[in-house]
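S.K.: Below is the sequence, then the predicted model.
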Amino acid sequence: MSQEFVAEALDPFVVMNAIGLIAFALVGSTKAIREEFDLFGVTVVGLATAFAGGATRDVLVGRVPLALQSTSEIGLGTVGVALAIGLHLVLEAPDDHPITLFADGVGLAAFTTAGAIVAVDVGVSGFGVVAIATINAVGGGAIADVLLDRSPFILFEDFYASCAVLGGAVYLGATLGGVAGSTAAIACAVVTVLARMAAVTRGWTLPTAQTLRRREEIGKN
Amino acid sequence: MSQEFVAEALDPFVVMNAIGLIAFALVGSTKAIREEFDLFGVTVVGLATAFAGGATRDVLVGRVPLALQSTSEIGLGTVGVALAIGLHLVLEAPDDHPITLFADGVGLAAFTTAGAIVAVDVGVSGFGVVAIATINAVGGGAIADVLLDRSPFILFEDFYASCAVLGGAVYLGATLGGVAGSTAAIACAVVTVLARMAAVTRGWTLPTAQTLRRREEIGKN
Amino acid sequence: MSQEFVAEALDPFVVMNAIGLIAFALVGSTKAIREEFDLFGVTVVGLATAFAGGATRDVLVGRVPLALQSTSEIGLGTVGVALAIGLHLVLEAPDDHPITLFADGVGLAAFTTAGAIVAVDVGVSGFGVVAIATINAVGGGAIADVLLDRSPFILFEDFYASCAVLGGAVYLGATLGGVAGSTAAIACAVVTVLARMAAVTRGWTLPTAQTLRRREEIGKN
């Protein structure tokens, strides 16, 4: 193994992107299997889930999507699709299985980090960094929901996209504070995955405007 | 206040874009509040409604979206979100309130104009100018409907997108006729908002192919 | 007629793109007429169906969409819309009429070929060529379904997008094998349209993961 290969494999973007691709291809394919899509449909949904967030990120920053240029992207996506089919042959109902929920959280964290790294590299505003990190992270789930005829709006109700916003803000803060890229990447990924796992296991929610209004009315009486 | 700041503040694109951002953030947030989204969801829907049309416009003409670069965009969007939350605390049901309908018409007109200005600047075809003006204007409402799990197709049935097409055509005609940019911008915005307000208050509709067929059949008998 | 005009008219991309634009504008408009959209809505859905796939292709490869630059695109799209209105005045229910199904298959084949040609020209990966050919081909049907409040997921269940993948792979293989561009284009278009016509007339489907699991269980017993 050449030194260059090792150096590239340790690049935070490459590592996070690879984890995200496998995890989201697995999650998307698993949902498509559950809906009894044919194997072509399962592959399309799996790859679309893996590639949609990063492709949107690349288009927004003015690049040709990595998924259309790099052969390793399609290879990693295919690994995730194959894992999903293998898991279906072994387990009964992997759609709401802890493995799928965990893979989804890991993919969310990895793509939040990958998006934040690209955004800081190209030099957008602070809001732009958090926005691109979040789009990279939730784009895959949104396209999977559209292809599976579900509504993607749950992504913005549940404590899901919020975790990516949190992680993106951590990466932004760390970078502005002078923290090295790889340390900022690890912090971003850890905060995102822990927030998502906590939200899943504890059923976290945020207050609504109705709650504020009721609080205000209670305060008046 | 420096002369440069005044000059920029009087730039037709800057003025129209600022009005559109505040108005559409207000409209999008108000819809999300009505659906009892949490405050994070309200902010996401509000900002997405404000930014989606302009971001699509920028991607189509090969630019990195302004919303990801300029800090004033996020500031103006946040003002709209805050206004929506404030209005909800003061009024009972602002979703179908005249204020919301008026803000939506104003945002539609402002973004039609902003889109037409950018399209003429980058030099696309006449159809391209009208198309980009319309996409800039209706993109926000379309993304809001998708995020709120409503169908965006109403945008193309109702006399809504038609107003943007009309305004875009006015700007195109004025520009081709040698009218100065700021006069063309005002004409475009006024025509669009008046058409939309008339459509809302008078329930305007356009004929369908079925109407034509029926007319033809009546003509035959 | 000048020699240059003849040379351009015989360019494989120009021919395939023109066929696709007319065919898909016809199909999109026909669907919108069936849903009793007004004539503005019919035109918007028709043009959006004709332009969406190519515009997505252009944005992905970093170009300003041809539909926003070239006046011939809007002309060809308008021909398709006019044909759809004419057909509605002559025939009773052209939505599931053999003419519409055939036009859809022809448009699918023409846009698969147009997408593959552009993708090979800009130099993306092999997967990128097949992906862009497929996106160019199915993008129009997807946007039509969204605008008509139908789910686009049928595109990935039915043997529809699969035909574009097949055609894109044929073009890629032919190009890698050193076959001339125009021959590869004809091969791609013929394979795609024949696969689609066979799928429609014979009700072709692909196996699902559930089929594999059942086969495996039968193998065990």
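M.R.: Good, I have the coordinates. Keep in mind that what you see is a predicted model, and the values were worked out from it rather than measured. Residues are numbered from 1 along each chain as shown, chains lettered A, B, ... in the order given.
S.K.: In space, what's closest to A:G128 - neighbours in sequence excluded?
M.R.: Of all residues not flanking A:G128 in the chain, B:L68 sits nearest, at 3.5 Å (Cβ to Cβ, 6 or more residues apart in numbering or on different chains). From N, CA and C alone the C-beta is placed, and that goes for glycine too.
S.K.: correct me, but the one you found touches A:V59?
M.R.: No - contact criterion Cβ atoms under 8 Å: B:L68 and A:V59 do not qualify, at 11.6 Å.
S.K.: hmm, back to that, so what's the residue count around the residue nearest to A:G128?
M.R.: When neighbours are counted by other Cβ atoms under 10 Å in any protein chain shown, B:L68 registers 23.
S.K.: Look up how far A:A67 lies from it.
M.R.: 20 Å (Cβ to Cβ, to the nearest Å).
S.K.: Equivalent analysis for A:V124, please.
M.R.: 21 Å.
S.K.: Off-centre distance for the lengthiest helix in chain A?
M.R.: Secondary structure of chain A per DSSP state H: the longest helix is helix A:98-122. Helix A:98-122 has its C-alpha centroid displaced from the chain centroid by 4 Å (Cα atoms, centre = their mean, to the nearest Å).
S.K.: In contact with the residue nearest to A:G128, which residues?
M.R.: A:60-61, A:119, A:124-125, A:127-128, A:131-132, B:55 (Cβ atoms under 8 Å, 6 or more residues apart in numbering or on different chains).
S.K.: what does A:V122 give?
M.R.: Taking Cβ under 8 Å, 6+ apart, we find A:V122 in contact with A:61-62, B:64.
S.K.: still on that earlier bit, tell me the helix or strand right after the longest helix of chain A.
M.R.: Moving toward the C-terminus from helix A:98-122, the next helix or strand (DSSP states H and E) is helix A:126-147.
S.K.: So which elements touch that following helix?
M.R.: Applying 3 or more Cβ pairs under 8 Å, 6 or more residues apart in numbering or on different chains; DSSP states H and E, one finds that helix A:126-147 contacts helix A:12-34, helix A:39-60, helix A:98-122, helix A:154-157, helix A:161-176, helix B:71-90.
S.K.: Could I get these in CSV, plus columns for distance to B:A169 and mean pLDDT?
M.R.: Shown next, in CSV, are those (distance: least, Cβ to Cβ, whole Å; pLDDT from 0 to 100):
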stretch, distance to B:A169, mean pLDDT
helix A:12-34, 42, 96
helix A:39-60, 29, 94
helix A:98-122, 36, 95
helix A:154-157, 35, 63
helix A:161-176, 38, 96
helix B:71-90, 27, 94
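S.K.: Is it possible to get JSON lines of those helices that adds distance to B:G141?
M.R.: Output for the helices and strands packed on helix A:126-147, formatted as JSON lines (distance: least, Cβ to Cβ, whole Å):
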{"stretch": "helix A:12-34", "distance to B:G141": "28"}
{"stretch": "helix A:39-60", "distance to B:G141": "20"}
{"stretch": "helix A:98-122", "distance to B:G141": "26"}
{"stretch": "helix A:154-157", "distance to B:G141": "16"}
{"stretch": "helix A:161-176", "distance to B:G141": "20"}
{"stretch": "helix B:71-90", "distance to B:G141": "14"}
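S.K.: Can you say which of the ones you listed is nearest to C:V179?
M.R.: helix A:39-60 (25.7 Å; Cβ to Cβ).
S.K.: what's the angle from the closest one to helix B:39-60?
M.R.: Put simply, helix A:39-60 runs at 80 degrees to helix B:39-60, going by axes from the mean of the first three to the mean of the last three Cα atoms, to 10 degrees.
S.K.: Buried ones among the contacts of A:V122?
M.R.: A:61, B:64 (16 or more other Cβ atoms under 10 Å in any protein chain shown).
S.K.: quick check, nearest of the contacts of A:V122 to A:W204?
M.R.: For the contacts of A:V122, the nearest to A:W204 is A:V61 (31.2 Å; Cβ to Cβ).
S.K.: What separation do you get for the closest residue to A:S162 other than its chain neighbours and A:V165?
M.R.: The shortest distance from A:S162 to any non-neighbouring residue, by Cβ to Cβ, 6+ apart, is to B:F40 (5.1 Å). Distance from B:F40 to A:V165, counting by Cβ to Cβ: 7 Å.
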